[in-house]
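A.B. asks: Here is a sequence together with a model predicted from it:
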Amino acid sequence: MAAVAALEVEALRHLYGERVALDGVSFTVAPGELFALLGPNGGGKTTLFRITSTLLTPTSGHVRVFGTDVVQDPHGARRRLGVVFQSAAIDPRLTVGENLRHHGHLFGLTGRVLADRTRDALEAVHLTDRVTDMAGTLSGGLQRRTELAKTLLTRPELLLLDEPTTGLDPSARRDVREQLLRFRAQGMTVVMTTHLMDEAAACDRVAILHKGRVVAQGPPSTLVEAVGGDVVVVTAKDPEVLAQKIEARFGTRADRLGDRLRIEKARGHEFVPALVEAFPGEIDSVTFGRPTLEDAFVHFTGEHLA
C-alpha cells in the first residue's frame with residue numbers, strides 16, 4: 001500500500017475577482033522530501049502558501065496534508081503543520097526563551113512539556129546559548145532560527161516556509177538552508193516557496209510555478225537535463241535582427257531576453273566560433289556554458305526569473 005502523500009495539491013484554482021492567481025495547479029510531496037515552489041513574485045506562490053496553511057479558501061480544487069483536506073478539516077490539517085511566514089513573527093522586546101514560551105502557551109503547552117520542547121527546539125536550531133538574549137538584538141539569521149524554533153514546539157510533520165531567506169545575508173541564508181537539510185534528514189517534510197535558484201537547487205524536487213500554473217516539476221538535475229546541450233548568450237546592437245539572421249543561417253532558434261539572445265545548442269564551443277565568424281561586427285559579446293536551474297526556468301517559461 002502506497003504511503004499517503006505529505007502534501008497533495010489537486011486541480012487547485014483561485015480567483016481574485018476576475019484575475020486568475022492559480023489555474024489548475026497539481027503536484028504531490030512525499031513524506032520526508034525537501035520540496036521547493038520556484039517562481040517570481042506574482043506567480044501564485046503566496047496564494048498557494050496561504051491556501052495550504054488554511055488561511056485562504058480556494059475557488060476550487062483540493063489541498064490535503066497527510067490525507068486531511070485543509071478546507072473540510074482545517075483544524076486537523078493545522079495539527080500536522082508548522083508554518084513560517086516571510087514576515088517576522090517574533091516580539092523583539094522579549095528574549096528568545098520568552099518568545100518560545102508565549103508561543104507554546106498559544107498551543108496549550110505548559111509546565112514540563114513546554115520546558116522540554118523549548119529545550120529540544122533551541123538545541124535543534126543551535127540557539128541554546130541565546131535563550132536570554134533579546135530577540136530584537138539578534139541578527140536576521142538568528143531571528144529566522146528563532147522563528148524555526150517556535151514552529152518546532154508543536155512538532156509538525158510538514159513544515160511550510162514562505163521565502164525563508166528573504167532579506168538575509170549570504171552567510172545567514174546558507175545557515176538556514178543547512179538547518180532545513182537537517183530537518184529533512186530527521187524525517188520532517190519541508191515545503192518552501194522561493195525565487196532563489198541556489199535555494200531551489202538544494203531541494204529534492206522543484207515545481208516551477210509560472211503565471212498560476214506548474215509548468216515543470218522534478219528533481220533539479222532532471223529539469224536541467226531537459227534544456228539539452230549548452231546555453232549560448234549573445235549581446236548585440238540589434239538583437240531582433242540578429243536573431244532572424246541566426247535562424248536563417250544556422251536553423252537555430254535564438255530567444256530574445258531583453259538586450260540579449262539565448263540559444264540552446266549542443267557542442268556550444270564549436271558553435272560560438274562559427275557564430276562570431278558569420279556575423280562580424282554585429283556581436284558585442286558571447287558566452288556559453290552548461291545549463292543551470294536558471295536556464296531550465298527560462299527553458300520552461302521563456303522568461304528570466306527577476
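C.D. replies: Looks like it arrived, so ask away.
A.B. asks: Would you state the helices of this protein in chain order?
C.D. replies: Per DSSP state H, the chain carries helices over the ranges 45-52, 74-78, 96-106, 111-124, 140-152, 170-185, 197-201, 220-225, 239-250, 268-278, 293-301.
A.B. asks: Tell me what E264 is bridged to.
C.D. replies: On the basis of DSSP bridges, E264 is bridged to V231.
A.B. asks: so who does the closest residue to D238 other than its chain neighbours touch?
C.D. replies: Distances taken as Cβ to Cβ, 6 or more residues apart in numbering place E282 nearest to D238, at 7.4 Å, with adjacent residues excluded. C-beta: built from backbone N, CA, C; applies to glycine. With contact taken as Cβ atoms under 8 Å, 6 or more residues apart in numbering, E282 is in contact with 236-238, 242, 245.
A.B. asks: Can I get the buried ones among those as something I can paste into ChimeraX?
C.D. replies: Those of these that count as buried under 16 or more other Cβ atoms under 10 Å are selected in ChimeraX with:
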select :236,242
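A.B. asks: Looking at the contacts of E282, which is nearest A226?
C.D. replies: Set against A226, the nearest of the contacts of E282 by Cβ to Cβ is L242 (25.9 Å).
A.B. asks: Identify the bridge partners of the spatially closest residue to that closest one that is not a sequence neighbour.
C.D. replies: Distances taken as Cβ to Cβ, 6+ apart put A236 closest to L242, at 4.6 Å, once the chain neighbours are dropped. A236 has these beta-bridge partners by DSSP bridges: I283.
A.B. asks: Make sure A236 is actually in contact with D284.
C.D. replies: Yes. Look at A236 against D284 with Cβ atoms under 8 Å: they come within range, at 5.8 Å.
A.B. asks: Centre of the chain to stretch 169-189, how far?
C.D. replies: Distance of stretch 169-189 from the chain centroid (Cα atoms, centre = their mean, to the nearest Å) equals 13 Å.
A.B. asks: and it, which residues are buried?
C.D. replies: Neighbour-count burial for stretch 169-189 flags 172-177, 179-180, 183-184, 188-189 (criterion: 16+ other Cβ under 10 Å).
A.B. asks: ok, now how distant is P156 from I208?
C.D. replies: From P156 across to I208, the span is 26 Å (Cβ to Cβ, to the nearest Å).
A.B. asks: Give me the more crowded residue out of these two.
C.D. replies: Remark: of P156 and I208, I208 carries more neighbours, 24 against 20, as counted by other Cβ atoms under 10 Å.
A.B. asks: so what's that one up against?
C.D. replies: Counting by Cβ under 8 Å, 6+ apart, I208 touches 38-39, 214-217, 223, 296-297, 300-301.
A.B. asks: pLDDT on stretch 33-51, on average?
C.D. replies: Across stretch 33-51, pLDDT averages out at 92.
A.B. asks: Straight-line length of that stretch, end to end?
C.D. replies: Terminal residues of stretch 33-51 are spaced 20 Å apart (Cα to Cα, to the nearest Å).
A.B. asks: Relative to the whole chain's centre, how far out is it?
C.D. replies: For stretch 33-51, the distance to the chain centre is 6 Å (Cα atoms, centre = their mean).
A.B. asks: Just the buried residues of that stretch, please?
C.D. replies: For stretch 33-51, by 16+ other Cβ under 10 Å, it's 33-40, 43-51.
A.B. asks: I'm done for today, thanks for sticking with me.
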